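Asker: The sequence and its predicted three-dimensional model are supplied below.
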Amino acid sequence: MQSQMIKSMVGPAFAAILIMCLLPVVLETYTLTLLVVYGMLGLSLGLIWGYGGILCFGQAAFFGLGAYSYAIAAINIGESTVPVFIGILVPAVVAFLLGAMMFYGRLADVYMGVITLVFTLILFRFMNSTAGPDFVIGKARLGGFNGIPGYQTLNVPGFPDEYIYGDALYYLAFSLLIVIYLLLRWFLKTSFGRTAIAIRENEERVELMGYDVRIRKTLLFSLGGGIAGLAGVLYANWAEIVTPGLFSLGQSAEIIIWCIVGGLGMLVGPIFGGMLIGLMKFLLGQQSMIDNTLILGLVLVLFVLFLPKGVVPTVSKWLPTGRTKSRKRRRKSQGRSRKSEA
Amino acid sequence: MADIILETTGLSMRFGGVTAVDNVDFQLREKELRCLIGPNGAGKSTFFKCLTGILKPSAGEVFLDDQETTGWDPHRVAGLGIGIKTQVPSVMDGLSVHENIWLSARRRSSVAEANRKTGEVIDRINLGGLAYKELGQLAHGERQRVELGIVMAGNPWLILLDEPAAGMTGEEVEHMSDIIRELNRNAAVIIVEHDMQFIRSIASKVTVFYRGAVLMEDDVSVVLSDPTVRDVYLGKKA
């Protein structure tokens, strides 16, 4: 079972590494790093929405919290290793608390959407109004609308002067994305992951089987928050400044669009969606004829109308995928084992 | 005499001004098979939901295996080893038959044990050929069977079934009552049911609900020949 699991991961891992090495031929690593960050952020929502059935309108809140926590910790500590973990932990803990409140309160989906949306708005407003010298955490000034610039960026752990930037940051970010992707693939095969999917399908049934749905949803939500936080940390290191714009509604809405465009209910879909739309925005940003958001809106409408399942599931339906093959193989081997039992 | 494994004392459930369940004292013994019948709105299903924790009773207590479980959440009630099937088929349509049953088996046993148990259950509900088919594509009767399989896989000592025969064909109902009788060898079973044919075929002790209270409790033949029960079912004033 375990070895089968590892075997099934070798292919995707190899493909991902190949993509990581090939992409810099086409685009600058500077742009690519941002796309990878978007991919990771898409993945974080794809996980909780596509597998947990939790539609969160505030994924940008955890992204922003990750970036801000990293920046604030980096200014205070001056070395990046601990701040990275803080940047993951803070959003994960906040997501845990927010999730616990929603899931133990048994809020319906609509209210959950409203609460996550409002949570993002509150952070956006708050961060915008922290301009004065009163808003200080340790040595870090929150800086209001202007954000926080000038913090220690990623360095080789233990060597504050050995910065990881440019190409190295790209390879690091992409490697992290691959590692998270593989870990999530494994996670979704565990008993916990399988119950999470079951909860999306029918919460009541899972509860009547005797599983505590509330804690499971809360933990999954927290995991999604942590991954969004890591994306935020990487973003903070790419942009070298964090601003309240990270918490904006536009940002939150965009992540949802990535998931729809890429395809929900799978891990690759939202990653691809995030990178694709990110790239599109980058290319559109180079011209000034049409407004960027107008096109983004059009893309969303077209996708909802014509490709409601998203790019990746649609494309993989056309291709003879490995998934159907392996399923056939599984069926065959089962038939064989049954025969041998007989 | 066998032990009492389920008991309610003075159980009441009120919705605003309506009293759906009114001061019900109920007892069930180990490995007993009991049917709850009654006309629409008699409070059978509400009573059932109070047992499973889906509803929190307004008054009274529920004891399961000598533990007071009044007001417990459904997952804690189910976690005691109680299999529950609700009125509307409640299954996971997007997942395979195997996965549906495996998840239930996994709750109270190890992965290896759950894998073994799942195969066993699928054979017993006769769905071997459809094991890896998505549940949403199956017929109504098959999905009902899967739900029964989910209940079975949990290794329960008490099984609560709300209208298990609803919407099934005659043949399916027969198969269902076979499975229920088999389950009854290791577990007590409570069945909420409308279908008299089905109740006769399982033949057991019957509790008649009427206007939220227990009207009578006796063997199926006695109950069905009782004039009051007939009147109640035909809608006459009792």
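Answerer: Good, I have the coordinates. Residues are numbered from 1 along each chain as shown, chains lettered A, B, ... in the order given.
Asker: any idea how far B:L224 lies from B:P164?
Answerer: Taking CB to CB, to the nearest Å as the measure, B:L224 falls 19 Å from B:P164. C-beta: built from backbone N, CA, C; applies to glycine.
Asker: before we move on, what about A:L23?
Answerer: For A:L23, the distance to B:P164 equals 56 Å [CB to CB].
Asker: These two: who's more crowded?
Answerer: The residue with more neighbours, out of A:L23 and B:P164, is B:P164; 26 against 18, by other CB atoms under 10 Å in any protein chain shown.
Asker: so where's chain A shaky on pLDDT?
Answerer: A:1-2, A:320-342 (pLDDT under 70).
Asker: And the biggest helix by length in it, what's buried?
Answerer: When chain A is parsed with DSSP state H, its longest helix is helix A:213-239. Applying a neighbour-count criterion of 16 or more other CB atoms under 10 Å in any protein chain shown, one finds A:213-214, A:216-239 buried in helix A:213-239.
Asker: what sits against residue 215?
Answerer: You didn't say which chain, so I picked chain A. Not one residue lies near A:I215 by CB atoms under 8 Å, 6 or more residues apart in numbering or on different chains.
Asker: Chain B is the one I meant
Answerer: Taking CB under 8 Å, 6+ apart, we find B:L215 in contact with B:38, B:208-209, B:228-229, B:232, B:238.
Asker: Chain A: which of these is nearest?
Answerer: For those, the minimum distance to chain A (CB to the nearest CB) is 22.2 Å, reached by B:F209.
Asker: Give the burial count for that closest one, as a bare number.
Answerer: 25.
Asker: Is it located within a strand, as I assumed?
Answerer: Yes - the assignment for B:F209, made by DSSP: H, G, I helix; E, B strand; the rest coil, places it in a strand.
Asker: If we ignore the residues flanking it in sequence, what's nearest it?
Answerer: B:G38 (3.4 Å; CB to CB, 6 or more residues apart in numbering or on different chains).
Asker: how about the nearest residue to B:C50 once chain neighbours are set aside, what does it touch?
Answerer: Nearest non-adjacent residue to B:C50, counting by CB to CB, 6+ apart: B:P57, 4.5 Å away. Residues near B:P57 by CB under 8 Å, 6+ apart: B:11-13, B:21, B:50, B:70-71.
Asker: What is the most widely separated pair among those residues?
Answerer: Across those, no pair lies farther apart than B:V21 and B:G71, at 14.5 Å, counting by CB to CB.
Asker: who's more crowded, the two?
Answerer: Neighbours were counted for B:V21 and for B:G71 using other CB under 10 Å; B:V21 has more, 30 against 12.
Asker: In this structure the more buried one contacts B:S12, no?
Answerer: Yes - with contacts counted by CB atoms under 8 Å, B:V21 reaches B:S12, the gap being 5.7 Å.
Asker: Pull the number of nearby residues for the residue nearest to B:A203 when sequence neighbours are not counted.
Answerer: Using CB to CB, 6+ apart and skipping the chain neighbours, the partner closest in space to B:A203 is B:V220 (5.3 Å). When neighbours are defined as other CB under 10 Å, B:V220 has 18 of them.
Asker: mind checking how far B:V220 is from B:Q197?
Answerer: According to CB to CB, B:V220 stands 12 Å off from B:Q197.
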